[in-house]
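Engineer: Fold the following, please.
(chains A and B)
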Protein chains: 2
Amino acid sequence: MTEASGIREQALRCRDAAQALAQLDSVAKDALLESMARALEDDADAILAANARDLEAARARGTGGAMLDRLTLDPARLAGIARALREVAALPDPVGQVTRRETRPNGIRVERVRVPLGVIAMIYEARPNVTADAAALCIKAGNGVILRGGSEAIHSNTAIAASLQRAIGEAGLDPAVLTLVTDLRRETMLELLQLTDIVDLAIPRGGEGLIRFVAEHARVPVIKHYKGVCHLYVDRAADLELALRLLLDGKASRPGVCNALETLLVHADVAARFLPAAGAALRARRVEIRGDAATRVLLPDAAPASEDDYAAEFLDLVIAVRVVDDLAQAIDHVRRYTSDHTEVIATTDEAAARRFVDSLRSAVVMVNASSRFSDGGELGLGAEIGISTTRLHSYGPMGLEALTVERFVVHGEGQVRHPDLL
Amino acid sequence: MTEASGIREQALRCRDAAQALAQLDSVAKDALLESMARALEDDADAILAANARDLEAARARGTGGAMLDRLTLDPARLAGIARALREVAALPDPVGQVTRRETRPNGIRVERVRVPLGVIAMIYEARPNVTADAAALCIKAGNGVILRGGSEAIHSNTAIAASLQRAIGEAGLDPAVLTLVTDLRRETMLELLQLTDIVDLAIPRGGEGLIRFVAEHARVPVIKHYKGVCHLYVDRAADLELALRLLLDGKASRPGVCNALETLLVHADVAARFLPAAGAALRARRVEIRGDAATRVLLPDAAPASEDDYAAEFLDLVIAVRVVDDLAQAIDHVRRYTSDHTEVIATTDEAAARRFVDSLRSAVVMVNASSRFSDGGELGLGAEIGISTTRLHSYGPMGLEALTVERFVVHGEGQVRHPDLL
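Structural biologist: Numbers count the residues shown, from 1 in each chain, chains lettered A, B, ... in the order given. Got it, this is the predicted structure:
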């Protein structure tokens, strides 16, 4: 017999704790976040020691490179995590915001008011900073949070959570408002994802495999994004110097993130002027180019692009390029391969820009701005809990508001619907 | 071998048709809704004849009463359906609304803009009016709609859909933007509910059994409400005459709907003054009372209330009553039995009202107003596509806006995230 996970009981306790949290005002919540930041600073030695154990185990497994880097904490990174908590504290509180007021003809006063979602389950991988970042955003928005991180970071996550929970307890709240799942069995995660009467939302963050697993097995609502196949379309009427800036920033400034460019589409009329310079600039930044026949006429060194290349999120210094006949063909291409994340048009033609924006349904559409701005912080959300590429609840980068929902509060003086029947 | 359903192909065609619809402006969409209303009027004879076939089959199966009434169309009801289409046409169009604008420090201009969800699947039971109502709301918000009604109404639904589709075709759109599923096999509905790459949202409307079936088997997002166990709490500081009005309107004006009252909680300090009069008024309206011990001291005729009675949505002339010691006990009671639909407090004490509102997480909370106002039309949404009792995307009555989502549109002049790297 397998041991019971106790996850349902943990989640119930988190929900009850969240009910008390939801009634704190902004001042109290911000003070709590400040205490949480201070707790991390006070416990820095213990957290770094725990992180050293994770790093040792990772090295013993042969982990290296980017993965090991993501797992690594040091005093500067820990200070950054504490600073991020204070930044969340400084953001406006969405809870209690009245988004609309209306007095109906019968005199009842209807308000839409933001309330917390309830309990949010975060499922993530190796980055221990998510433990603190996600906790801060969920708590600021009045929610309980159940954190299920990866086994690689279990000691770091446990130490960070213990530190934050101490601050929560000292503030007079049940520390279960932040619940770290330490039973990392897959069946326990599955159990968590079935708790439709307790968990209001699951947010998976990590590789496509993890996200597909969560989306496939969850019965609770899931907000997710699988990948970012972001397109830059250089229109006939583009400022080509501007377009080149967007291309280089989008592809080469940080290729491993979801808002990096993966595909470049160039209008045939400007291809001969744009592509040779673009190709040289990309090659100077060691970007591999995979192009269609028309591209390879202009860039003979480019490899041929396959169907798969146009659907790929390379997360690397690789770009797929295609020359298109016109705006319509660019739109068709994007519609076919889009991941609904971010698309960019470079053009000085307002009508073309409008048509591009209106014809595409992606979460973020940019006109003459870099795809790399497709990020909660850059778009003005203050911080980001995740990105949604599904058109429900939230679409695109998600900030604090996405951790709340609007409900109705009505005030009257005894109005009834059928006074005739009384 | 069972016959292939073709539902995936139908859904794909609906999605493509919706893409064209999404680009119509408000004037064109409203003209389309007007044509749809006129088509229903023109085809009245055919629709009523089809309805007669459904009614005949229903009678042959021994269907009667409320069920037969829900299925019945007559010239007046059909005129009402056409009028409802025109009312939807007259509502403001949520699509394209800019809900927020911000210029970031780097000069990029960020807008949040409402866009359609995409394709919405409505799963419903015997009411043929839902076919037209749901289609109108989905289309007004720029969405494709896949309608899967009950077998009892199949002839009526087919005739209504054919009429509406004719109008859609005449407007130059693919009629598949409104797709009626006529293959009513359960496995075909299940297939529809798995189409996560095509269907953006499923909204089940009907009995709790249907809704649980959809919620349990869908892989696409589902917005739903199971039941409405609405509470009225009569506070110590209530205006008792006002409270009685709310009680009678909430319980007796239309007991079969989800925003009717199911439970009455009375503060002990006013129970002796309130309950005898309330009991008499309820009995005069043939409402059966089931009470706790304290209630039955004051209302000796009342039956004893069981645990189940407090959790029940009676949908009938029955009410559960409990005398509570104080506001805190009333809040505990509601928290325990709530269906997250609608709760009401009758009080003149503002602090008590605020505590009631803040302590409860239900979708609608009323102060001194009838629970029967918990309805999209009454709350100012213009029309209602459904009610959500889950705190994601939409909470409470859902109108046109709930059929859209906000995305990001950004305009710049070539801004990049890492100018230093160029």
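Engineer: For A:Leu137, give its distance to A:Val367.
Structural biologist: From A:Leu137 over to A:Val367 the distance is 29 Å, taken as Cβ to Cβ, to the nearest Å. For glycine as for every other residue, the C-beta is placed from the backbone atoms N, C-alpha and C.
Engineer: So between those two, which is more surrounded?
Structural biologist: A:Leu137 (29 against 22; other Cβ atoms under 10 Å in any protein chain shown).
Engineer: Now do the SS call for that one.
Structural biologist: helix (DSSP: H, G, I helix; E, B strand; the rest coil).
Engineer: Run through the residues that contact it.
Structural biologist: A:88, A:383, A:385, A:399-400, A:403 (Cβ atoms under 8 Å, 6 or more residues apart in numbering or on different chains).
Engineer: before we move on, what about A:Ala303?
Structural biologist: Contacts of A:Ala303 (Cβ under 8 Å, 6+ apart): A:288-291.
Engineer: Apply 10 Å and report the result again.
Structural biologist: Contacts of A:Ala303 were listed using Cβ atoms under 10 Å, 6 or more residues apart in numbering or on different chains, and they are A:288-291, A:296, A:309, A:318, A:320.
Engineer: So what pairs up with it in the strands?
Structural biologist: A:Arg290 (DSSP bridges).
Engineer: gap between it and B:Gln329?
Structural biologist: 73 Å.
Engineer: quick one: A:Ala402 and A:Leu392 touch, right?
Structural biologist: No. If you go by Cβ atoms under 10 Å, A:Ala402 and A:Leu392 don't touch, sitting 11.2 Å apart.
Engineer: So the two - more neighbours on which side?
Structural biologist: Between A:Ala402 and A:Leu392, A:Ala402 has the larger neighbour count (other Cβ under 10 Å), namely 27 against 21.
Engineer: so that one sits in a helix?
Structural biologist: Yes. The assignment for A:Ala402 (three-state DSSP) places it in a helix.
Engineer: That one and B:Arg296: what is the separation?
Structural biologist: For A:Ala402 relative to B:Arg296 (Cβ to Cβ), the value is 48 Å.
Engineer: Please name the residues that touch A:Arg212.
Structural biologist: The contact partners of A:Arg212, by Cβ under 10 Å, 6+ apart, come to A:204, A:224, A:226.
Engineer: Would you mind naming what in the stretch 201-350 of chain A lies close to chain B?
Structural biologist: A:201, A:215-216, A:218-223, A:239, A:241-250, A:252-254, A:259, A:281, A:285, A:335, A:340, A:342, A:344, A:346, A:350 (Cβ under 10 Å from any Cβ of the partner chain).
Engineer: so where's chain A shaky on pLDDT?
Structural biologist: A:1-2 (pLDDT under 70).
Engineer: Can you give the domain ranges for it?
Structural biologist: A:7-223+A:394-409, A:230-373 (automatic domain parsing).
Engineer: quick revisit: wait, which of the contacts of A:Leu137 is closest to chain B?
Structural biologist: Nearest to chain B among the contacts of A:Leu137 is A:Leu403, at 10.3 Å by Cβ to the nearest Cβ.
Engineer: For the nearest residue to the closest one once chain neighbours are set aside, grab the count of nearby residues.
Structural biologist: Using Cβ to Cβ, 6 or more residues apart in numbering or on different chains and skipping the chain neighbours, the partner closest in space to A:Leu403 is A:Ala141 (3.7 Å). A:Ala141 has 28 neighbouring residues, counting by other Cβ under 10 Å.
Engineer: A:Ala141 touches A:Leu201, doesn't it?
Structural biologist: No. Taking contacts as Cβ under 10 Å, A:Ala141 lies outside contact range of A:Leu201: 11.1 Å.
Engineer: Could you name every residue contacting both of these two?
Structural biologist: A:117, A:120, A:385, A:402-403.
Engineer: In PyMOL, select just the buried ones from those residues.
Structural biologist: Buried residues among these (16 or more other Cβ atoms under 10 Å in any protein chain shown), as a PyMOL selection:
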select buried, chain A and resi 117+120+385+402+403
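Engineer: that older thread, between the domains of chain A, which one is closest to B:Ala159.
Structural biologist: Closest approach to B:Ala159 among the domains of chain A (Cβ to Cβ): domain A:230-373, 32.8 Å.
Engineer: Report the buried residues of stretch A:333-348.
Structural biologist: A:333-334, A:337-347.
Engineer: now stretch A:193-202
Structural biologist: Quick answer for stretch A:193-202 (16+ other Cβ under 10 Å): A:193-195, A:198-202.
Engineer: I'd assumed A:Ser5 was in contact with A:Glu191.
Structural biologist: Yes. Taking contacts as Cβ under 10 Å, A:Glu191 lies within contact range of A:Ser5: 5.7 Å.
Engineer: what touches both of the two?
Structural biologist: The contact sets of A:Glu191 and A:Ser5 overlap at A:183, A:185 (Cβ under 10 Å, 6+ apart).
Engineer: Distance check, A:Ala330 against chain B.
Structural biologist: 16 Å (Cβ to the nearest Cβ, to the nearest Å).
Engineer: and if you look at A:Val257?
Structural biologist: In terms of Cβ to the nearest Cβ, A:Val257 sits 10 Å off from chain B.
Engineer: hang on, that residue packs against A:Glu378?
Structural biologist: No. In this structure, A:Val257 is not within contact of A:Glu378 by Cβ under 10 Å, at 11.9 Å.
Engineer: Which of these two has more residues huddled nearby?
Structural biologist: A:Glu378 (21 against 14).
Engineer: For that one, give me its contacts.
Structural biologist: A:259, A:369-370, A:372, A:384, A:397, B:104, B:106, B:108, B:110, B:410, B:415, B:417.
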